[in-house]
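Visitor: Predicted structure and sequence below. I'll ask about it afterward.
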Amino acid sequence: MSPHLLLIAVAAQMCAGQPGPPDPPGRIAVIGAGIGGSAVTYFLHQQFGPQVQIDVYEADRVGGRLATLTVNSQQYECGSPTIHSLHLHMQDFVKLLGLKHRKDVVGKSAIFNGEQLVLEETDWYLLNLFRLWWHYGISFLRLQMWVEEVMEKFMRIYKYQAHEYAFSTIEGLLRSLGGDHFVNMTQKSVGESLQGIGVSQRFIDDVISAVMKASYGQSVAIPAFVGAMSLAGAQGNMWSVEGGNKLICSGLLKLTKANVIHARVTAVSLHNTEKKRLYEVQYEQEGTLGSDYYDLVIVAAPLHKSGYPISFLNLPQSVPDPMGSYHRVVSSIVHGYLNSSYFGFVDPKLFPFSSILSMDTPDAIFHSLESLCPVNVSVGFRRKPPQEAAVWRVLSQRPLDRKELKTLFKSYYSVQVIEWQAFPSYSTAVSSKPLPPIILHDGLYYLSGVEWAASSVEMSAVAAKNLALLAFNRWFELNEKIDQQDLMHKLKTEL
């Protein structure tokens, strides 16, 4: 026998009886087809390969809170309308799917205190800065530095994920980016945090409260990390997808050839067989009950007290109770003539704003009021002048009654109302409560708990990438890629 063949024989004998790497999962279930569910389907497909069958269960519509509705034969965003330029996963999705950024239609904003406008944006950047300084001193500079510092650290996640590192808890992910400071930001209010860096109470009451109301329909008592993510988006550089942001979700599911099942999942139960562990997904579809078996199950729908009731059966430990309830936000899409005199402009031709944010006052009838552009914008498109009928999106705590509609609009042709269980009720999150778990059982994962740290389309995409990497690394026992400490230093030394 030649030395080469001998070495092969010895190696074969040494390996005999030793288990090889596990086979990849055969079937994966994803519950929910919003941006989180669509993104995790794509990332799972990337990690495990096209041979894995992925079934996506959706009880309502693909896209979730990325949705449009039709007014006068044109579609308008009624869910999350814009995406930040620093949202790198969303940027990648657009390129991957061959989608386009919608043409930017510039508009100015103002803040309303219930009686008058307290801050008005102009066409001149330097004049805007001067007005902020005149009213609030250097508070806006302190705010900007705080947000930029948070975002600079948050951007580390893309480098970690490019090197396929994952985290088994939301706290661990946050700690890897910004240390204990980021974790503490989930337990401390944005108002308190901004006061701590010298932002004036007047600036918080006038500006920060208006942004929080427009973003989440809640006060400055929401956690600081949530607030920082929202304030980053309020500083411009926003975009949206030509044809509607929901095209990202449908596009990702089509690209991965996922099997979309329009059904409501009622239960997930564990079954241990002699060969392997399986999860049974039970569902209801058009009045008929069904079930199927999977190696991995990802819950990408919010588990909250008033929301998506899924029973988890036969698990060795119980799934933690939902952290709290979700906050209701009402979106009214109104086609009509704005009552500009309510905002101090008797002549509607002189009204220059495309959006109005409302301060957090007891008598406020709306959170924000925004003139919408269609999801398809032609080259010569222009915003309707204020004296013409336009399509407006009004965010409010509850549906507007006839009197309130007449206060905001001189007259209107149509009103379409969508009630969203849009975001967590963050007032319950500013505490020492731990964030929801990612791992519910060995092959059972929860994606939507990340919303309790911060809720945005990009945060869901980041969590989706982390979960796909985590599931892959745990399946193939790549423990060196999970929950590593001091990753910034590790990556610098590796490079």
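Guide: Structure's in. What do you need? Residues are numbered from 1 along each chain as shown.
Visitor: Pretty sure Pro21 sits against Phe476.
Guide: Yes - counting by Cβ atoms under 8 Å, Pro21 does reach Phe476; the two are 6.2 Å apart. For the C-beta atoms, the positions are set from N, CA and C on the backbone; glycine is no exception.
Visitor: quick one: which of the two has more around it?
Guide: Using other Cβ atoms under 10 Å, the more surrounded residue of Pro21 and Phe476 is Phe476, with 14 against 8.
Visitor: State the phi and psi torsions of that one.
Guide: phi -100, psi 10 (degrees, to the nearest 10).
Visitor: any idea how far it is from Ile157?
Guide: Noted for Phe476: a distance of 22 Å to Ile157, by Cβ to Cβ, to the nearest Å.
Visitor: and if you look at Ala228?
Guide: Ala228 is 14 Å from Ile157, by Cβ to Cβ.
Visitor: Please compute how far the longest helix seen in the chain lies from its chain's middle.
Guide: Longest helix in the chain, counting residues (DSSP state H): helix 457-475. Mean-position distance between helix 457-475 and its chain equals 14 Å (Cα atoms, centre = their mean, to the nearest Å).
Visitor: packing partners for whatever helix or strand comes next after that helix?
Guide: Where DSSP states H and E defines the elements, the next helix or strand beyond helix 457-475 is helix 487-494. Judged by 3 or more Cβ pairs under 8 Å, 6 or more residues apart in numbering; DSSP states H and E, the packing partners of helix 487-494 are helix 156-162.
Visitor: what residue ranges in the stretch 201-350 of the chain are flagged as low confidence?
Guide: Residue ranges of the stretch 201-350 of the chain with pLDDT under 70: 234-236, 305-308, 323.
Visitor: ranges for the helices of it?
Guide: Assigned by DSSP state H, counting those that start in this stretch, the helices in the stretch 201-350 of the chain fall at 201-203, 209-216, 224-233, 247-255.
Visitor: out of these, nearest to Ser189?
Guide: helix 224-233 (6.4 Å; Cβ to Cβ).
Visitor: I'd like the helices of the stretch 201-350 of the chain as a markdown table, with mean neighbour count appended.
Guide: As requested, the helices of the stretch 201-350 of the chain are exported to a markdown table (neighbours: other Cβ atoms under 10 Å):
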| stretch | mean neighbour count |
| --- | --- |
| helix 201-203 | 15 |
| helix 209-216 | 24 |
| helix 224-233 | 24 |
| helix 247-255 | 21 |
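Visitor: among the ones you listed, which is nearest Gly107?
Guide: Closest among the helices of the stretch 201-350 of the chain, using Cβ to Cβ: helix 209-216, at 14.1 Å.
Visitor: Compute the inter-axis angle for the closest one and helix 224-233.
Guide: For helix 209-216 against helix 224-233, the angle by axes from the mean of the first three to the mean of the last three Cα atoms, to 10 degrees is 90 degrees.
Visitor: so what does helix 209-216 touch, helix or strand wise?
Guide: Against helix 209-216 (3+ Cβ pairs under 8 Å, 6+ apart) you get helix 224-233, strand 353-358.
Visitor: packing partners for the longest one?
Guide: In other words, helix 224-233. The elements that helix 224-233 packs onto, with contact taken as 3+ Cβ pairs under 8 Å, 6+ apart, are helix 139-154, helix 170-185, helix 190-196, helix 209-216.
Visitor: Give me the contact list for the second one.
Guide: I take that to be helix 170-185. Helix 170-185 is contacted by residues 150, 153-154, 156-157, 160, 167, 186, 193, 223-225, 228, 434-436, 438, 449-450, 452-453, 463, 466, 483-485, 487 when judged by Cβ atoms under 8 Å, 6 or more residues apart in numbering.
Visitor: Any chance of a PyMOL selection covering the buried ones in these?
Guide: Burial among the contacts of helix 170-185 is assessed by 16 or more other Cβ atoms under 10 Å; the matching PyMOL selection reads:
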select buried, resi 150+153+154+157+160+167+186+193+223+224+225+228+435+436+438+449+450+452+453+463+466+483+484+487
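Visitor: Would you mind listing where the stretch 351-495 of the chain has pLDDT under the threshold?
Guide: For the stretch 351-495 of the chain, the ranges with pLDDT under 70 are 428-432, 494-495.
Visitor: can I get the helices and strands packed on helix 224-233 in JSON lines with distance to Pro302?
Guide: Output for the helices and strands packed on helix 224-233, formatted as JSON lines (distance: least, Cβ to Cβ, whole Å):
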{"stretch": "helix 139-154", "distance to Pro302": "22"}
{"stretch": "helix 170-185", "distance to Pro302": "14"}
{"stretch": "helix 190-196", "distance to Pro302": "22"}
{"stretch": "helix 209-216", "distance to Pro302": "14"}
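Visitor: winner for burial among these?
Guide: Most buried of the helices and strands packed on helix 224-233, by mean neighbour count (mean count of other Cβ atoms under 10 Å): helix 209-216, with a mean of 24.
Visitor: export it as CSV, just CAs?
Guide: Extracted C-alpha coordinates of helix 209-216, given in CSV (Å, rounded to 0.1, in the frame of the first residue of the first chain):
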residue,chain,number,x,y,z
SER,A,209,-42.3,65.5,22.2
ALA,A,210,-43.7,66.4,18.8
VAL,A,211,-41.3,64.0,17.1
MET,A,212,-42.1,61.1,19.5
LYS,A,213,-45.9,61.7,19.0
ALA,A,214,-45.4,61.7,15.2
SER,A,215,-43.2,58.6,15.3
TYR,A,216,-44.8,56.4,17.9
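Visitor: Can you give the contact residues for that helix?
Guide: 111, 190, 218-220, 222, 226-227, 230-231, 233-234, 327, 329, 357-360, 364, 367-368, 395, 422-423, 426, 455.
Visitor: before we move on, what about stretch 144-162?
Guide: Taking Cβ under 8 Å, 6+ apart as the rule, stretch 144-162 contacts 86, 88-89, 173, 176-178, 182, 185, 193-194, 197, 199, 225, 228-229, 231-232, 235, 462, 465-466, 469, 487-488, 491.
Visitor: What are the buried residues along stretch 256-269?
Guide: Here stretch 256-269 shows Thr256, Ala258, Val260, Ile261, Ala263, Arg264, Val265, Val268, Ser269 as buried, counting by 16+ other Cβ under 10 Å.
Visitor: sorry, that was for stretch 272-279
Guide: Leu278, Tyr279.
Visitor: Only C-alpha atoms, please: export it in CSV.
Guide: Only the C-alpha atoms of stretch 272-279 are listed here, as CSV (Å, rounded to 0.1, in the frame of the first residue of the first chain):
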residue,chain,number,x,y,z
ASN,A,272,-39.5,14.4,19.9
THR,A,273,-39.2,11.4,17.6
GLU,A,274,-36.5,8.7,17.6
LYS,A,275,-34.7,10.3,14.7
LYS,A,276,-35.1,14.0,15.5
ARG,A,277,-37.0,16.9,17.1
LEU,A,278,-39.8,18.4,15.1
TYR,A,279,-42.2,21.3,15.7
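Visitor: what separates that stretch from the chain centre, distance-wise?
Guide: 34 Å.
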